[in-house]
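Colleague: Provided below for reference: sequence and predicted model.
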Amino acid sequence: MKLHYQVDGDNFLVAGEASASLKRTLKQLGIDSSIIRKISISMYEAEMNMVIHAYGGVIDVEISTDKVHILLKDKGPGIPDIDLAMKEGYSTASHEIRELGFGAGMGLPNMKRYSDHLNIYSEVGVGTTVEIIVFLM
Amino acid sequence: MTVKELLEIVPIKLAAGKDGLNNEIEGGHVGDLLSFVMAHAKEKNVWVTIQGHINSVAVASLLGLSAIILTENVTPDDEMLRKADEESIPVLCTALNSFDMVCKLSSICSIMEE
Ligand SMILES: Nc1ncnc2c1ncn2[C@@H]1O[C@H](COP(=O)(O)OP(=O)(O)O)[C@@H](O)[C@H]1O
Ligand SMILES: [Mg+2]
């Protein structure tokens, strides 16, 4: 099963809708709730990063019998130093964003912790692609 | 216990999400940084926070939390109320700070255990 989502940049009123929609689908498919939790956490953090840091983007999800594969692509500013960005607590989020409770610098670490595979490809000035894989068994 | 039962014993007001009043509460989480809540709050937890905006409901709904308790007299914005009704996540408001709220919750838990 393939799913496609369009994510708006800087629109906090609909931010997280793609993750919510995927969760509903996974629930309907009868997938184990602890696995849905892993997928929801990873995808929500990645979706919010697109909203906050990258003017939005597109998400493609493929659900197969053994795994959920999520590809998030944006045309944002890119990440100059991925190792640094992966550090717990590292964030370039603005003060306004932090007041909403985002910008703890724990998004990428959460994605790493709750997914089975995380790959990040990024080019400054071009954009970022995040690939998340969570196994279903 | 359910959210409805909680509402009858602690000083909190229901602001939205009444369709979720029968949600069961099992434990809770306190925090205002959404990534920490995402990582550590568990299904059926009640969440004590000062984040009175729509994204809190998105987090609560994704995690299957039973209710959001807004402390320190935080007023939820209209989008949060609308979304909470839509997602059936009760939003409860109190003048207490998060520490005092948790103390109240803890005293109820010990009464219930006796
Ligand atoms: N899609 C993205 N495009 C550009 N920069 C990003 C993207 N995702 C993450 N980053 C950068 O990596 C940092 C760390 O991300 P994260 O761990 O999610 O923390 P936070 O989102 O709380 O800042 C961000 O502050 C930002 O500088
Ligand atoms: Mg983030």
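Modeller: Here it is on my side, so go on. The structure displayed is predicted, hence computed values, not measured ones. Ligands and ions are numbered 1, 2, ... in the order given.

Colleague: any idea which element the residue nearest the centre of chain B lies in?
Modeller: Geometric centre of chain B, nearest residue: B:I68, 2.0 Å, by C-alpha atoms, centre = their mean. Using DSSP states H and E, B:I68 maps to strand B:67-70.

Colleague: who touches that strand?
Modeller: Defining contact as C-beta atoms under 8 Å, 6 or more residues apart in numbering or on different chains, one finds that strand B:67-70 is touched by B:3, B:6, B:12, B:15, B:17, B:20, B:23, B:25, B:46-52, B:56-57, B:60, B:76, B:84, B:89-94, B:101. From N, CA and C alone the C-beta is placed, and that goes for glycine too.

Colleague: stretch A:13-21 too?
Modeller: A:3, A:5, A:7-8, A:40, A:43-44, A:47-48, A:51, A:59, B:54-55, B:58-59, B:61-62, B:79.

Colleague: quick check: ChimeraX command selecting the buried ones in these.
Modeller: Restricted to buried positions by 16 or more other C-beta atoms under 10 Å in any protein chain shown, the ChimeraX selection for these reads:
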select /A:5,7,40,43,44,47,48,51,59 /B:54,55,58,59,61,62
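
Colleague: let's see which of the contacts of stretch A:13-21 end up in strands.
Modeller: Cross-referencing the contacts of stretch A:13-21 against strands under DSSP state E gives A:3, A:5, A:7-8, A:59.

Colleague: can you redo those residues as CSV with distance to A:D116 and pLDDT?
Modeller: Listed next are those as CSV, based on distance: C-beta to C-beta, whole Å; pLDDT from 0 to 100:
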residue, distance to A:D116, pLDDT
A:L3, 19, 98
A:Y5, 21, 98
A:V7, 23, 97
A:D8, 28, 96
A:I59, 18, 98
